[in-house]
Each structure stands twice: as structure tokens, then as C-alpha cells.
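Colleague: Need a 3D model of the sequence below.
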Amino acid sequence: MTYRIKVPPRTLPVDEAHLVSNLEHWLDGVRVYRGPLLVGAAILVLAAGIVGGVLWYDSQTMQKAQDLEREATLHYFTRPADDPKKSDTNLKEAVTLYKRIVEEYPRTATAPLAAFQLGNALVQANELDAAIEAYKRFVLMYGSNASLLGLVQQRLGYAYLLKGDRDQAAKAYSAVLDVPGALNRDHALFELARLEESLSRPEGALAHYQDLMKNYPNSPLANEAAVRLKVLEVKKSPDPAPASPAPPKKP
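Modeller: Model (predicted):
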């Protein structure tokens, strides 16, 4: 006697009435919450538009700042040495353009460099007070830019020296030593040592020269510091006692 093995169906019959009921419930829910859904969709579209607009505006702003910086730098570095009038015109144009970047586009990545170059250009124009203010403004606005901050403080020290204010120059040079990762600390130490020499304070000068030679032996200023150190040590050593006169010869 043979037996037939019943194989269960591979798929279950679909309850079409149940599916239709669920679809109707979903459509009813959509109709009920259509207003909030439309509002949410509109908000998403608006937010996307705002984000896109901001990104586009930032891109345009950055491009304008970069264009101004290139033009300013071209004027600044192409001043003809044989034409003082043209050189002065170029310098003034560079100052104007650097000022525009700092004032109109202060939050762009180009602004810190423009602020630094503005101070440098004003020093070249012998507008020392304006240059000092430009450097101070950099410190206030872009003090977190460690790669430029040390250079700005050094230039600020130069500007003060040109004005004859040695105390403020010393403070600016000392500030370089407090900038994490500053690459010009050797220059700051050298300038501090020279300041101490000019103020007839050899002990302070010796300390700065020794610090430079110890911590920055590969600096291009280390050899000059060594020479100055020897000169100061010679000046510091007491003069040898004068030789006693020879007794007169007996006749």
C-alpha cells in the first residue's frame, strides 16, 4: 500500500481584506496629520535652503577676501625701488586693501594674515601708532592663531623700538616666549639680549644669550650670540691691576 506525503504549501494565502484595512487606516492617518506633515516637510526644505544659502555666502565671502588679499600683496611686494612715488602709491593701496579685509571679512581664513600684513605695511609707511594698533587688534581677534601670534608680537616689539619705547618693546618680545609652539623664540631672546645691552644691563643680556645658545643651538643667531657673550664677559671681567713701577737703579 502506497502512501502520499502531503507537502505543505510554500506560501500562505494572503489576507487581502486585512491588507486593504491596514492601507485604509494608514491613509486615514495621513489625512488626519496632513497639516503637521506638510509643515514639517516645509521646515525641512526651508532649513536645507538656509544651510545651502549660508554655505554659498561663506564661499563667496571667502573668495572675495582671497581676491583682495592677492591684490594687496601684489601692491605690497611690487613696490619699485627706483620710483618712490609709485612705491608710495602701491603701499597706500596695499594698506587700504588689507584694511578692507580685516573690516569687511574678519571671520574668513584670510583675515589673520591680512591683519598681520596690515601692521607690516603701516610700519613701512612710518605710521607707527597705526601699526601698533593693528598688531594689538590681531592679538585681540586672532590670538588663538599660534603660527602668526609669535611673529606679530615680534613685529610689535620692532614698532615700539622705532618709537623709542624700550619697555613696551621688551614686553612684546617677552610675550613671544609665552606663545606655545612659536618658531621665533630664538629671535625674541636675541632682541631681549640686545635691549639689555642697550640699557647697560650686561647681566640680563648674558642670561638671554646663554638661554638662546642652550635651547636653540641650531639657530642662525646662536653664533652671533656666542660672539656677543664673549664680548660681554670680557667687559665684565675686572681690569688687570696696573704693574708696579720698577725701583730706581742705584747709582
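Colleague: At the geometric centre of this protein, which residue do we find?
Modeller: Asn145 (3.2 Å; CA atoms, centre = their mean).
Colleague: can you give me phi and psi for that one?
Modeller: Taking degrees, to the nearest 10, you get phi -80, psi 80 for the backbone angles of Asn145.
Colleague: Next, the contact list for it, please.
Modeller: Pro112 (CB atoms under 8 Å, 6 or more residues apart in numbering). C-betas here are computed from N, CA, C, even on glycine.
Colleague: next one: Ser59
Modeller: Counting by CB under 8 Å, 6+ apart, Ser59 has no contacts.
Colleague: Any stretches of this protein with poor pLDDT?
Modeller: 1-24, 26-27, 29-30, 32-58, 237-251 (pLDDT under 70).
Colleague: One more pass at 80, please.
Modeller: Where the chain drops to pLDDT under 80, the residues are 1-59, 235-251.
Colleague: from the middle of its chain, how far away would stretch 97-113 be?
Modeller: Using CA atoms, centre = their mean, to the nearest Å, the mean C-alpha position of stretch 97-113 is found 12 Å from that of the whole chain.
Colleague: I meant stretch 177-195, not that one.
Modeller: The answer for stretch 177-195 is 17 Å, by CA atoms, centre = their mean.
Colleague: Which residues outside that stretch are in contact with it?
Modeller: Contacts for stretch 177-195 (CB under 8 Å, 6+ apart): 146-147, 149-151, 153-154, 157, 166, 169-170, 173-174, 176, 204-206, 208-209, 211-212, 215-216, 219, 221-222, 224-225, 228.
Colleague: ok, 6 Å please
Modeller: Applying CB atoms under 6 Å, 6 or more residues apart in numbering, the external contacts of stretch 177-195 come out as 146, 149-150, 154, 166, 170, 173, 176, 205, 208-209, 211-212, 216, 219, 221.
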